[in-house]
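Enquirer: Give me a 3D structure for the following:
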Amino acid sequence: MPYMNEIKQPLILELPAFQQALLDPANELVDCRPAASFADGFIPGALLIEPNDSFVNWAGLLLDKKKKPLLICEPGTEKALTGLLQQAGLPAVAGFLGGGFPVWKAAGAPTDMIIVVEADELAMDLPHDENLIVVDVRTETEFTEGHVKDAVHLPLQEITDPVLLGNIEDRDNLYIHCSGLYRSVTAASFLKRQGFHNLRVVVGGWDAIKLQKIELVERKEKLN
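Expert: Numbers count the residues shown, from 1 in each chain. As a prediction, this is how the structure comes out:
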């Protein structure tokens with residue numbers, strides 16, 4: 001593809017330079033590791049964009065096109081990610097942390113994590129926590145097919161809409177799910193960036209939730 005010839009050599013930053021770049025408001029911190037690795041630990045304020053087949057789509061939808069991506073990734077993936085970000089229409093990359101997240105962690109720098117729970121824990125907590133809110137980040141079609149009763153629908157592709165975020169209050173305990181893991185962890189990373197920290201991600205997503213004794217709203221098939 002022609003654009004590949006125009007990819008600049010990735011700028012690899014040592015830890016002090018990376019930390020300095022974090023202070024620049026023109027940069028946006030992006031973590032491009034697998035969702036499970038991200039949930040175990042990440043730099044506070046990072047937004048997860050997992051390097052999968054949907055990377056270009058999600059990067060284009062969720063990242064600020066006025067800011068330069070400042071990235072954490074698996075060492076060796078820097079050049080490929082630079083090309084994908086270019087496809088998504090993002091500005092030139094501000095840099096990558098040399099050695100990735102392990103270097104940050106080994107230095108004792110601040111980290112955050114996302115609590116991951118099984119669907120049965122959601123089922124146990126739901127009747128007893130009046131502040132528990134199920135946040136469904138799947139698409140409109142998926143949500144219409146079936147969802148947890150009283151769930152807040154916050155599609156990942158619309159999560160940057162401040163009107164939708166206005167439905168969430170500080171006292172809410174958010175249990176976020178998608179169909180699996182990636183979209184819910186990405187949503188959790190965005191919500192943490194916005195200041196919401198009382199949140200958990202339900203692993204297994206909708207398929208696991210359906211197996212629990214949880215009240216659902218499901219679309220009934222029309223009879224012929």
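Enquirer: CA atoms for contacts and neighbours, from now on please.
Expert: OK.
Enquirer: Show me the helices in the protein, by range?
Expert: 15-22, 35-40, 55-62, 78-87, 101-106, 119-125, 140-145, 162-165, 182-193, 205-209 (DSSP state H).
Enquirer: With only the CA atoms kept, save the first one in CSV.
Expert: Right, helix 15-22. Taking C-alpha atoms only, helix 15-22 is exported to CSV below (Å, rounded to 0.1, in the frame of the first residue of the first chain):
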residue,chain,number,x,y,z
LEU,A,15,11.5,7.0,30.4
PRO,A,16,12.4,10.6,31.4
ALA,A,17,11.6,12.0,28.0
PHE,A,18,8.4,10.0,27.9
GLN,A,19,7.3,11.4,31.3
GLN,A,20,8.1,14.9,30.0
ALA,A,21,6.0,14.3,26.9
LEU,A,22,3.1,13.3,29.2
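Enquirer: quick one: contacts of the helix-or-strand element of the chain with minimal mean pLDDT?
Expert: Of all helical and strand segments in the chain, the minimum by mean pLDDT, DSSP states H and E falls on helix 162-165, at a mean of 89. In this structure, residues lying in contact with helix 162-165 by Cα atoms under 8 Å, 6 or more residues apart in numbering are Leu154, Glu158, Ile159.
Enquirer: Repeat the analysis, applying 7 Å as the threshold.
Expert: Applying Cα atoms under 7 Å, 6 or more residues apart in numbering, the external contacts of helix 162-165 come out as Leu154.
Enquirer: before we move on, the earlier item: lowest average confidence across the helices of the chain, which one?
Expert: Set side by side, these show their lowest mean pLDDT on helix 162-165, which sits at a mean of 89.
Enquirer: related to what we said a few turns ago, dump the helices of the chain to JSON lines, plus mean neighbour count and distance to Ala46.
Expert: Below are these laid out as JSON lines (neighbours: other Cα atoms under 10 Å; distance: least, Cα to Cα, whole Å):
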{"stretch": "helix 15-22", "mean neighbour count": "14", "distance to Ala46": "10"}
{"stretch": "helix 35-40", "mean neighbour count": "17", "distance to Ala46": "9"}
{"stretch": "helix 55-62", "mean neighbour count": "19", "distance to Ala46": "12"}
{"stretch": "helix 78-87", "mean neighbour count": "19", "distance to Ala46": "16"}
{"stretch": "helix 101-106", "mean neighbour count": "15", "distance to Ala46": "11"}
{"stretch": "helix 119-125", "mean neighbour count": "16", "distance to Ala46": "26"}
{"stretch": "helix 140-145", "mean neighbour count": "13", "distance to Ala46": "26"}
{"stretch": "helix 162-165", "mean neighbour count": "12", "distance to Ala46": "18"}
{"stretch": "helix 182-193", "mean neighbour count": "24", "distance to Ala46": "7"}
{"stretch": "helix 205-209", "mean neighbour count": "19", "distance to Ala46": "23"}
